[in-house]
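>>> With the input below, show me the fold.
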Amino acid sequence: MRNNICRMSGFRPGADTHQGAMRYNAGMVKALGTVLRFILNIPNFVMLYVRMMLDREIPLPPRLVLIGAALYVVSPIDLIPGALLPVIGWLEDMLIFYVAMKIFVAMCPPQALERHVATVDYLDRLRKRGGLL
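Sure, this is the predicted structure:
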């Protein structure tokens, strides 16, 4: 009976199961690598955003978006209170700040963004070589 069901469904217990598991594992490893790479680059992102916030070439509206999001995250007033639903409340704060960072970058002049990214990248390479603390 089991063999008939397997044949009718097209399921082959050998190769398909192993290949599917390997694809799933490869996807998980890739996702974990992306998350780890993001976490390791958080200091670079902080440096990039601070440099861009201090740059006079960046207009005021993008800065206000980022400042407003930062104030929302630290304010006790939330759409989803962190005290009642801790994990969901924190995720909501992170999502709002993430969207604000994307809007900030989209509103910034491209030449200023490229200049700051190149500078932060250069400083990161210096730090990794031991030439900068």
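
>>> where's Pro81, which helix or strand?
Per DSSP states H and E: Pro81 is located in neither a helix nor a strand.

>>> what residues are up against it?
Neighbour list for Pro81: Gly89 [criterion: Cβ atoms under 8 Å, 6 or more residues apart in numbering]. Every residue, glycine included, has its C-beta placed from N, CA and C.

>>> Check which residues of stretch 83-90 are buried.
Under the neighbour-count criterion of 16 or more other Cβ atoms under 10 Å, stretch 83-90 has Gly89 buried.

>>> Please save the CA atoms from that stretch in CSV.
Taking C-alpha atoms only, stretch 83-90 is exported to CSV below (Å, rounded to 0.1, in the frame of the first residue of the first chain):
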residue,chain,number,x,y,z
ALA,A,83,5.8,45.6,28.2
LEU,A,84,2.7,43.7,27.1
LEU,A,85,4.2,41.8,24.2
PRO,A,86,8.0,42.1,24.6
VAL,A,87,9.3,40.3,21.5
ILE,A,88,6.6,41.6,19.2
GLY,A,89,7.0,45.2,20.6
TRP,A,90,10.8,45.1,20.1
